[in-house]
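Colleague: A structural model of the following input is requested.
(one chain, ligands or ions: 1)
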Amino acid sequence: MKNIQIGTICSHSALQIFLGAKQEGFKTFGICLRKKQFVYEAFPLAKPDNFMLIDDYEEILDSTLLRKMIDNNVIIIPHGSFVEYIGSKSLENTFFIPIFGNRKTLEWEGSRKLQRLWLEKAGLKLPVVYNNPSEIDDKVFVKFSGAKGGKGFFTANSEKEFYEKLNKKIKKGILRKEDSTNPFIQEFVSGVRYYPHYFYSQFKNLGLSVREGFLEFLSMDKRVEPIDESYRGLPDSLEDFYDYTVTGNQSIIVRESLLSDVLEMGVKTVDTSINLFPPGILGPFSLETIYHPNKGFTVFEVSARIVAGTNLYPHGSPYSFYTFKKPISMGRRIAIEIKEAIRKKALERVVS
Ligand code: ATP
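Modeller: Residues are numbered from 1 along each chain as shown. Prediction:
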């Protein structure tokens, strides 16, 4: 309990996680690709105190390295790249290092089917799903499981256009044939994208009371994708701009009158998670939403861990100042929760 180190893979939101942990007095442990170490050496305040260098992410499940993490008394903070590189199945069965949050959450997040069930049961408005390309009767958005960060996603207005675009992407090498066999076809939702970042705390009475815990709304971002800049090709639209791969994040706030919706969506997501996979979601999560004045908020995904959009706010966001007296990032918020759990001798309530 005295020498716990906060660790994660050096990628995604690691700088923010390490800085936040250091601010709260923890030592930090970075699992880092040898070729990426210089990136983390470049930021003295956010570089991990200890590096565990690897050549390939597959090595993380090696028993000697797992032993090393145990010997270093590490609690792992799972982020997007962590879940992707290790896989939710291995996280559940092989990765026996303590992780922050409820492990079952990652399984629910990792499956589109389970995610939809969760959000449906929460009563959130979701995009219509088409089970087969032959059902396409309106503009749709097409996704694939193997596609990372929106790569290869496209829109179509008919079954014919669907197959034309799909085949073209496979031919160009943008999509792998094996990944394209299981398309996820959704209603194309128009509007403005908002990604609210929440934290569900077991200890601190700072946010909205939900069951035994408290829901804090910390910040919000909007992703940046080549499609957002497609106007730059005008008057001719260049095909390369029709790309939804996430390349960065922008800061954003909502009209204050919409905060009630944002908070209600967060409350419902937490409340339902407790019913579906107790003790439910713990710590950070985010909803991927599109708002249109005629339709309200549509939620197209939940990220049940820290999201990279929080990297915009290492010193707090326009919203966190309404909750905390000092600058609090999501990374630091996680460290505060772990510190509080240690103080209360209740680490098992936030670590699994
Ligand atoms: P993965 O699903 O592999 O985790 P991801 O989370 O990066 O990838 P999404 O966030 O689902 O992918 O989608 C990427 C982008 O595609 C979004 O930021 C948004 O611009 C667009 N998008 C996704 N779903 C829809 C939709 N139903 N309607 C309109 N645009 C959408």
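
Colleague: which strands or helices does the helix or strand where residue 84 lies pack on?
Modeller: Following DSSP states H and E, one finds residue 84 within helix 80-86. Under the contact criterion of 3 or more CB pairs under 8 Å, 6 or more residues apart in numbering; DSSP states H and E, helix 80-86 touches strand 5-9, helix 103-110. In this view, the C-beta of every residue, glycine as well, is placed from N, C-alpha and C.

Colleague: what's the next secondary structure element after the last one?
Modeller: Elements were assigned by DSSP H and E; along the chain past helix 103-110, the next helix or strand is helix 112-121.

Colleague: model confidence over that next one, on average?
Modeller: Across helix 112-121, pLDDT averages out at 95.

Colleague: do that helix and the ligand come into contact?
Modeller: No. Helix 112-121 stays clear of the ligand (CB under 6 Å from any ligand atom), getting no nearer than 7.7 Å.

Colleague: mind listing residues that contact the following helix or strand past that helix?
Modeller: Where DSSP H and E defines the elements, the next helix or strand beyond helix 112-121 is strand 129-130. With CB atoms under 8 Å, 6 or more residues apart in numbering as the test, strand 129-130 has contacts from 116, 136, 140, 184-187.

Colleague: rerun that using 6 Å as the cut-off
Modeller: 136, 185-186 (CB atoms under 6 Å, 6 or more residues apart in numbering).

Colleague: tell me the mean pLDDT over that strand?
Modeller: On average, strand 129-130 scores 96.

Colleague: next, the buried residues of stretch 87-95.
Modeller: Buried residues in stretch 87-95, counted by 16 or more other CB atoms under 10 Å: 88, 91, 95.

Colleague: show me which of these neighbour the ligand.
Modeller: By CB under 6 Å from any ligand atom, no member of those lies near the ligand.

Colleague: which of those lies closest to residue 241?
Modeller: Nearest to residue 241 out of the buried residues of stretch 87-95 is residue 88 (CB to CB; 32.8 Å).

Colleague: the nearest residue to that closest one once chain neighbours are set aside - how many residues pack around it?
Modeller: Sequence neighbours aside, residue 110 is the residue nearest to residue 88 in space, at 3.6 Å (criterion: CB to CB, 6 or more residues apart in numbering). Residue 110 has 18 neighbours, counted by other CB atoms under 10 Å.

Colleague: who does the lengthiest helix in the chain touch, helix- and strand-wise?
Modeller: Counting residues, the longest helix found in the chain (DSSP state H) is helix 259-276. Packing contacts for helix 259-276, counted by 3 or more CB pairs under 6 Å, 6 or more residues apart in numbering; DSSP states H and E, involve strand 192-201, strand 213-224.

Colleague: just for the stretch 101-250 of the chain, where's the confidence low?
Modeller: 146-148 (pLDDT under 70).

Colleague: flag every residue of it that's near the ligand.
Modeller: For the stretch 101-250 of the chain, the residues in contact with the ligand (CB under 6 Å from any ligand atom) are 127, 141, 143, 147-150, 153, 186, 188-189, 193, 223, 225, 244, 246.

Colleague: show me just the buried residues among those.
Modeller: Buried subset of these (neighbour count, 16+ other CB under 10 Å): 127, 141, 143, 147, 150, 153, 186, 188-189, 193, 223, 225, 244, 246.

Colleague: what about residue 115, how many neighbours?
Modeller: Neighbourhood size, residue 115 [other CB under 10 Å]: 19.

Colleague: same check on residue 56?
Modeller: Residues near residue 56, counting by other CB under 10 Å, number 10.

Colleague: cool, residue 51 as well?
Modeller: Residues lying near residue 51 (other CB under 10 Å) number 17.

Colleague: ok, now which ones touch the nearest residue to residue 14 once chain neighbours are set aside?
Modeller: Nearest non-adjacent residue to residue 14, counting by CB to CB, 6+ apart: residue 8, 5.2 Å away. Applying CB under 6 Å, 6+ apart to residue 8 gives the contacts 14, 17, 77.

Colleague: and residue 8, how far from residue 60?
Modeller: According to CB to CB, to the nearest Å, residue 8 stands 11 Å off from residue 60.

Colleague: assign the residue lying farthest from the centre of the chain to helix, strand or coil.
Modeller: Among the C-alpha atoms of the chain, the one farthest from their average position, using CA atoms, centre = their mean, is that of residue 235, at 35.6 Å. Classification of residue 235 using DSSP: H, G, I helix; E, B strand; the rest coil returns coil.
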